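K.L.:
model this:
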Amino acid sequence: MARPFADFRCAPGREHLGGKDKALRPASRPRCGRPPFFHGMAVLLVFLLFSFPSIPYQCAADAGQSEPRVVILNSYHQGYAWSDRQFAGLLAELHRVYPTLEPSIEHMDTKRFPGEDHMVRLREYLAGKYRGRKIDLLVTMDNPALELALSGFVGSLSGVPTVFEGVNDFRPEMLKGKIEVTGVAEILDAGRTLELALELHPRAGKVLVIHDYTLTGLAVRRELEQMLPAFQGLVEIEFLPPASFQEVVERLNRASPDTIGLINSFTTDRTGQSLPLSESTRLFTSGTDIPVYGVHESRLGHGIVGGILLDGRVHGRRAGQIALRVLAGEPPSRIPVDFTGTSRPMFDFVQLNRFGIPLSALPEESVIINRPESFYEKHPGIVLGVLSVSGALVFMAVLFAMTVARLRRAEAALGKSRARYRELLRNAGSVIRRLRGDGRRSSRRALRSRGVRGVRTRRREARGNPSHGL
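P.N.:
Reported below is the predicted structural model:
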């Protein structure tokens, strides 16, 4: 019976050379023994070949399990400029550490449905959706979401670490007994905005404050009311009562010339109608002759002059930084609520020009949008390229002019030299003839006796080449 791998076995004591078997002395062991080692290696290679493709998928699965489970509770709706920018900043910060994180997002839509019955339905819906699910972090955006979270809308989330952002009129007592909650308070700098507006409009005697009567709108009003004592006696401040969008427009259109408008927060009117921030801002400012200011960067570029404005994206990033600390294991109770304001002076050049406000009157750190750009600001590469080529051409022209000047000086010197040579040639014969004192031509022998040799040859050479010997 043939043995496996028989072709690879060699008989003991023989060697295969050049296709002929030659007798050798007996060997102590066969030169080609049995291959159990190679059998084991082959089996191992086959096993690894079929095992390696599954390793990346296993690693990916493990990575997926390591991603935290985050729920974001947004008070408003997708498309609302302020909360959209908050969410963008928050997610950008979270993706720095968790690039593939996909949080669950719940839009409460309270701007368009501000009633209490809507909140009741939301509690029931969210309680059923997240019952029995483990959540690593809850992020709430703006006042309605935080109030819903603090009310214990889901029993299983009662002990979940929570980070809030965009909360107006925040007070520490709001978190009484909630040690697992921290976040970033929304500090609107309406006071500084009013101070700056009065400086830019020194003849103003009245401020009309525009806000809606939603949960957020009332919180913003309470913040501004705390600042009223600082303006007492300086200007009259009027808070607009509940009104529709059209009623607000009419009130602004009949305002006296010494009035300044301030949009604090107005998205939903008294009839329940809701408009985007950009559209409502254009509606309020397009038909009025008074300057209107704001407190949110989202309204800039749509008709307001400007103000000390809060950027939602920056605000969201700060909340994201706190969220990362919580996800890293730091207890929320050890992270204090962030009350630092990040508003900055921002203005619209179009509106500044409309109301005759010079740029020199603005704070030095002001951000100005819609400012006309020079050709250099629009196309710096082209301008720098043209300047570089022009500079090179000017340098080459100067170098060429210097070279021409040097050549002209050399030609002038050469002309003078040639004139001297011609004069010498004209006088060469008389010089030789006057070697004798009596004026007679000296003989060649006499000249040689005086040490003058080759006179004829030199005269001939001189006539053929005036520069010879010079």
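
K.L.:
report all helices and strands that the one helix or strand residue 315 maps to contacts.
P.N.:
Using DSSP states H and E, the element containing residue 315 is helix 312-327. Applying 3 or more CB pairs under 8 Å, 6 or more residues apart in numbering; DSSP states H and E, one finds that helix 312-327 contacts helix 81-97, strand 137-141, strand 162-167, strand 181-185. Glycine gets a C-beta too; all of them are placed from N, C-alpha and C.

K.L.:
each with direction, which strands does the next helix or strand after it pair with?
P.N.:
Next helix or strand after helix 312-327 toward the C-terminus (DSSP H and E): strand 344-348. As defined by DSSP bridges, the strand partners of strand 344-348 come to strand 306-309 (antiparallel), strand 367-369 (parallel).

K.L.:
can I get strand 344-348 in CSV, CA atoms only?
P.N.:
Only the C-alpha atoms of strand 344-348 are listed here, as CSV (Å, rounded to 0.1, in the frame of the first residue of the first chain):
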residue,chain,number,x,y,z
ARG,A,344,-20.0,89.1,21.9
PRO,A,345,-20.8,92.3,20.0
MET,A,346,-22.0,91.6,16.5
PHE,A,347,-23.5,94.0,13.9
ASP,A,348,-24.8,94.1,10.4
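
K.L.:
now do the next helix or strand after it, average pLDDT.
P.N.:
Downstream of strand 344-348, the first helix or strand assigned by DSSP H and E is helix 349-354. Here helix 349-354 scores 96 as its mean pLDDT.

K.L.:
flag every buried residue along helix 349-354.
P.N.:
351-352 (16 or more other CB atoms under 10 Å).

K.L.:
that one packs against which elements?
P.N.:
Helix 349-354 packs on strand 367-369, going by 3+ CB pairs under 8 Å, 6+ apart.

K.L.:
got the contact list for the strand it packs on?
P.N.:
300-301, 344-349, 352, 359, 362 (CB atoms under 8 Å, 6 or more residues apart in numbering).

K.L.:
Serialize these to CSV and add fields for distance to residue 85.
P.N.:
Putting those into CSV (distance: CB to CB, whole Å) gives the following:
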residue, distance to residue 85
300, 12
301, 13
344, 15
345, 18
346, 14
347, 19
348, 18
349, 22
352, 24
359, 26
362, 24
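
K.L.:
now, of those, which are buried?
P.N.:
Buried among those by 16+ other CB under 10 Å: 300-301, 344-348, 352, 362.

K.L.:
from those residues, pick the one nearest residue 417.
P.N.:
residue 362 (72.9 Å; CB to CB).

K.L.:
hang on, the closest one packs against residue 348?
P.N.:
No. Checked against CB atoms under 8 Å, the pair residue 362 and residue 348 is beyond contact range at 11.5 Å.

K.L.:
rewinding a little: from the contacts of strand 367-369, which is closest to residue 146?
P.N.:
Using CB to CB, the contacts of strand 367-369 come closest to residue 146 at residue 344, 25.2 Å.

K.L.:
wait, isn't the closest one in contact with residue 307?
P.N.:
No. Assessed by CB under 8 Å, residue 344 is found out of contact with residue 307, at 10.0 Å.

K.L.:
what sits against the residue nearest to residue 306 when sequence neighbours are not counted?
P.N.:
Sequence neighbours aside, residue 347 is the residue nearest to residue 306 in space, at 3.3 Å (criterion: CB to CB, 6 or more residues apart in numbering). Counting by CB under 8 Å, 6+ apart, residue 347 makes contact with 300, 305-307, 362, 366-369.

K.L.:
of the residues you listed, which is the nearest to residue 192?
P.N.:
Relative to residue 192, the closest of the contacts of residue 347 is residue 307; by CB to CB it sits at 8.3 Å.

K.L.:
the closest one contacts residue 292, correct?
P.N.:
No. Between residue 307 and residue 292 there is no contact under CB under 8 Å: 9.5 Å.

K.L.:
so between the two, which is more surrounded?
P.N.:
Shown here are residue 307 and residue 292; by other CB atoms under 10 Å, residue 307 has more neighbours (29 against 25).

K.L.:
show me what contacts that one?
P.N.:
Neighbour list for residue 307: 193, 196-197, 262, 293-295, 345-347 [criterion: CB under 8 Å, 6+ apart].

K.L.:
dump these into CSV; add distance to residue 98 as well.
P.N.:
Formatted as CSV, those follow (distance: CB to CB, whole Å):
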residue, distance to residue 98
193, 37
196, 40
197, 42
262, 40
293, 39
294, 34
295, 32
345, 35
346, 32
347, 37
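
K.L.:
who wins on neighbours among those?
P.N.:
Highest neighbour count within the contacts of residue 307: residue 294, with 31 neighbours (other CB under 10 Å).

K.L.:
one step back: any idea which of the buried ones among the contacts of strand 367-369 is closest to residue 317?
P.N.:
Closest approach between these and residue 317, by CB to CB: residue 344, at 14.4 Å.

K.L.:
state the distance from the closest one to residue 193.
P.N.:
Look at residue 344 and residue 193: by CB to CB, to the nearest Å, they are 11 Å apart.

K.L.:
find residues that contact each of the two.
P.N.:
Here residue 344 and residue 193 share the contacting residues residue 308, scored by CB under 8 Å, 6+ apart.

K.L.:
angles on the backbone of residue 301, please.
P.N.:
Listed backbone geometry of residue 301 is phi 90, psi 0, with angles given as degrees, to the nearest 10.

K.L.:
am I right that it is in contact with residue 348?
P.N.:
Yes. Using CB under 8 Å, residue 301 is in contact with residue 348, at 5.9 Å.

K.L.:
what is in contact with the two at once?
P.N.:
With CB under 8 Å, 6+ apart as the test, residue 301 and residue 348 both reach 369-370.

K.L.:
what about residue 167, how many residues close to it?
P.N.:
Close neighbours of residue 167, defined as other CB under 10 Å, add up to 25.

K.L.:
residues contacting it?
P.N.:
Applying CB under 8 Å, 6+ apart to residue 167 gives the contacts 142-143, 146, 183-186, 219.

K.L.:
scan those residues and report the most crowded one.
P.N.:
residue 186 leads these on contacts (other CB under 10 Å) with 30 neighbours.
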